[in-house]
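In: Sequence isn't available, so here's the structure alone:
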């Protein structure tokens, strides 16, 4: 089995219980939930039985240990998670608005997760990995960009592969160096996993079909376009296929794209055919939105198959 | 009216709803509450009608604005609160254990409140203040110690006074420089406000009476010993007096000592006799423990008088 490594933030998430605007008033909350997009991806890939490690840092506090416990329990290799004795574990407070948008209060850049710790364990992981998954949200500083680019080069040099989920808002691309980092990343990407409008975020082409063409020409082997409730599509040089989304009651969409990606990447690495990988990945995303908490909806392959059996023929 | 200035942390507090150990599991929470010992002290003094300013920093996030809104509403001069565009507002997660002890997850040193911002507004406040209140919990780094010592010197040089609440756990005294900072602070203290065992924390004497004697000899004008449910005592060169605590149902003791201190300091500065000041300060502490949230129990003079009338003769 090929070993995945992902570099990026491990956080706790605190969720507001009531819909409304932000955190300027005392309110009912639930948490701490284990979180961080790369951590959710890793947890889901591990539940699929894929060897996976995460390079990150947490504080030596309950929030850090909560995450370590969860990731370890689910089979993630946590040897690359540095325990920072000084900085606290990163956190994100999240509240949904009436229109589905979210308000956040973040503590990431000045938390343990905001600092790179190039320990021997990290070097060993990057040297031994067969696959690097890059989460755009983790390209948050020049040193994290540099580490991801260096790791991509090493792993591809050793015959490995790279997947890349841009996971970024358009406004962030204007931050210094981010657009350039993203385009350097795409030039080393084998499996590209954009959501919605991210398909055309890094291409000259603004039309979806032309963007797919452009990405395949620039060396991307496969593109999985995550379109939430509208389903998902797969593109490679041989053609394209699409599936509908599973119809579920949405409780909390946070983390669904990361679960989708973790499942798809694990299946892609073991050569599962695209149709089935897409269906299982869509099931993974659908299950995730039915659970409250960003990492609470991760599932094993057996659970995904069971879900598909229960939901039945809602995919085509 | 004499103007008080206090230097120290402005935070939000997130409270666990259920008694238990720490934050290694998802649970029901309530918050964010405005918090920070110096902020609670300032809010209470402001509610007493005393001019009071706080020197601090918050992030440019909902947690920072929540605190600014509350302090401003209650009459605290917030011109010395720097809004840090990079760092988040500090936070403390608090959970009570069965035995009354508390578990915390803090983000203070790496938050906005962990950095000193010597703005012009801060200089103006320190130059114009008549009284400095020093909170031991805020002597958290060499630069905060230095600022407090410098401010104490300037304000006393201008004929002003200094109050000091050690507000520190014994184990923290072993941190580098803290014990020395505390003893330099006590040598410039006019009004000393220890709680429980803190009375003998900074003295050679370990017996309460001898410690009082030693403190008065070393230049402290007045000592108020806060003893929680056991009442409070006042000591000066002329003698001593003690009162019982008001009997209330304890909901949340956090912040009670800070409310006690804010009320007493405000009354002491306006020359209220010690007996009455002690009684009103005890009422302030008692009211605070009946409210959930560290700053939710601050009260005006009229509210304190009303409370004493209602509770009746439980003080001697």
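Out: Alright, I've got the coordinates. Given the structure is predicted, the values throughout are model-derived calculations rather than measurements.

In: what's near enough to touch residue A:112?
Out: A:57-59, A:64, A:82-84, A:87-90 (Cβ atoms under 8 Å, 6 or more residues apart in numbering or on different chains). No exception for glycine: its C-beta is placed from N, CA and C like everyone else's.

In: if you set the cut-off to 6 Å instead, what comes out?
Out: Residue A:112 is in contact with A:57-59, A:84, A:87, A:89, counting by Cβ atoms under 6 Å, 6 or more residues apart in numbering or on different chains.

In: Excluding sequence neighbours, find me the nearest residue to the one residue in the stretch 151-300 of chain A that gets nearest to chain B.
Out: Nearest residue of the stretch 151-300 of chain A to chain B: residue A:293, at 6.8 Å (Cβ to the nearest Cβ). Nearest residue to residue A:293, sequence neighbours excluded (Cβ to Cβ, 6 or more residues apart in numbering or on different chains): residue A:33, at 4.0 Å.

In: ok, that neighbour - contacts?
Out: Neighbouring residues of residue A:33 by Cβ under 6 Å, 6+ apart: A:13, A:293-294, B:26.

In: likewise residue A:148?
Out: The contact partners of residue A:148, by Cβ under 6 Å, 6+ apart, come to A:7, A:134.

In: Could you measure from the residue nearest to residue A:293 over to residue B:57?
Out: Separation of residue A:33 from residue B:57 (Cβ to Cβ, to the nearest Å): 29 Å.

In: Please apply the same query to residue A:308.
Out: 52 Å.

In: So for these two, which sits in the more crowded spot?
Out: Legend: neighbour count by other Cβ atoms under 10 Å in any protein chain shown for residue A:308 and residue B:57, higher for residue B:57 (24 against 20).

In: If the more buried one is in a bridge, with which residues?
Out: Beta-bridge partners for residue B:57, by DSSP bridges, are residue B:82.

In: Chain B contacts on the stretch 1-150 of chain A?
Out: Taking Cβ under 6 Å from any Cβ of the partner chain as the measure of proximity, the stretch 1-150 of chain A contacts chain B at A:22-24, A:26, A:29, A:32-33, A:61-63, A:65-66, A:87-88, A:105, A:107, A:110.

In: can you do 7 Å?
Out: A:14, A:22-24, A:26, A:28-33, A:61-63, A:65-66, A:69, A:87-88, A:105-107, A:110 (Cβ under 7 Å from any Cβ of the partner chain).

In: Write a ChimeraX command that selects only the buried members of these.
Out: A single ChimeraX command selects the buried members of the residues of the stretch 1-150 of chain A next to chain B (16 or more other Cβ atoms under 10 Å in any protein chain shown):
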select /A:14,22,23,24,26,29,30,31,32,33,61,62,63,65,66,87,88,105,106,107,110
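
In: Please flag which of the residues of the stretch 1-150 of chain A next to chain B sit within strands.
Out: A:14, A:28-33, A:105-107 (DSSP state E).

In: before we move on, the earlier item: show me which pair in the contacts of residue A:33 is furthest apart.
Out: Across the contacts of residue A:33, the longest distance by Cβ to Cβ is 11.3 Å; it joins A:294 and B:26.

In: Go through the contacts of residue A:33 and name the one nearest residue A:76.
Out: Using Cβ to Cβ, residue A:294 comes nearest to residue A:76 of those, at 14.9 Å.

In: measure the closest one to residue A:36 for me?
Out: 8 Å.

In: Between these two, tell me which one has more neighbours.
Out: Remark: of residue A:294 and residue A:36, residue A:36 carries more neighbours, 33 against 29, as counted by other Cβ under 10 Å.

In: quick one: that one and residue A:11 touch, right?
Out: Yes: if you go by Cβ atoms under 7 Å, residue A:36 and residue A:11 touch, sitting 4.3 Å apart.

In: Get me the contact residues on the stretch 151-300 of chain A for chain B.
Out: So the stretch 151-300 of chain A meets chain B at residue A:293 (Cβ under 7 Å from any Cβ).

In: any low-confidence regions in the stretch 151-300 of chain A?
Out: The stretch 151-300 of chain A contains residues with pLDDT under 70 at A:169-172.

In: any chance you could map the helices in it?
Out: A:178-186, A:208-217, A:256-269, A:274-289 (DSSP state H, counting those that start in this stretch).

In: Return the most buried member of those.
Out: Comparing the helices of the stretch 151-300 of chain A by mean neighbour count (mean count of other Cβ atoms under 10 Å in any protein chain shown), helix A:256-269 comes out on top with a mean of 28.

In: That helix to helix A:274-289, inter-axis angle?
Out: Per axes from the mean of the first three to the mean of the last three Cα atoms, to 10 degrees, the angle that helix A:256-269 makes with helix A:274-289 is 150 degrees.

In: For helix A:256-269, which outside residues touch it?
Out: Contacts with helix A:256-269, where a contact means Cβ atoms under 7 Å, 6 or more residues apart in numbering or on different chains, come from A:2, A:4, A:37, A:40-42, A:44-45, A:48, A:50, A:131, A:133, A:163, A:165, A:167, A:191, A:193, A:195, A:222, A:224, A:226, A:277, A:280-282, A:284-285, A:288-289, A:297-298, A:304.

In: how about a cut-off of 6 Å?
Out: A:2, A:37, A:40-41, A:44-45, A:48, A:50, A:131, A:133, A:163, A:165, A:191, A:193, A:195, A:224, A:226, A:277, A:280-281, A:284-285, A:288-289, A:298.

In: Check stretch A:153-163 too.
Out: For stretch A:153-163, contacts defined as Cβ under 6 Å, 6+ apart pick out A:129-133, A:152, A:188-191, A:265.

In: export those residues to a markdown table and tack on distance to residue A:75?
Out: Shown next, in a markdown table, are the contacts of stretch A:153-163 (distance: Cβ to Cβ, whole Å):
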| residue | distance to residue A:75 |
| --- | --- |
| A:129 | 16 |
| A:130 | 17 |
| A:131 | 16 |
| A:132 | 19 |
| A:133 | 16 |
| A:152 | 24 |
| A:188 | 27 |
| A:189 | 26 |
| A:190 | 24 |
| A:191 | 21 |
| A:265 | 15 |
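
In: What about those residues, which are in strands?
Out: Among the contacts of stretch A:153-163, the ones falling in strands (DSSP E) are A:131-133, A:191.

In: Just the closest of those residues to chain B, please.
Out: The closest of these, once distances to chain B are taken by Cβ to the nearest Cβ, is residue A:133, at 25.9 Å.

In: Look up the pLDDT of the closest one for me, please.
Out: Per-residue confidence at residue A:133 stands at 98 (pLDDT).

In: Equivalent analysis for residue A:315, please.
Out: Per-residue confidence (pLDDT) for residue A:315: 45.

In: for residue A:37, same thing?
Out: Per-residue confidence (pLDDT) for residue A:37: 96.

In: how close does it sit to residue A:52?
Out: 14 Å.

In: neighbour count winner among these two?
Out: Between residue A:37 and residue A:52, counting by other Cβ under 10 Å, residue A:52 is the more crowded of the two (30 against 24).

In: Kindly state the beta-bridge partners for that one.
Out: With DSSP bridges as the rule, residue A:52 is bridged to residue A:4.

In: Contact partners for it?
Out: The neighbours of residue A:52, taking Cβ under 6 Å, 6+ apart as the test, are A:4, A:42, A:45-46, A:76.

In: Can you tell me how far it is from residue A:265?
Out: Distance, residue A:52 to residue A:265, using Cβ to Cβ: 9 Å.

In: do residue A:119 as well
Out: Residue A:119 is 25 Å from residue A:265, where distance means Cβ to Cβ.
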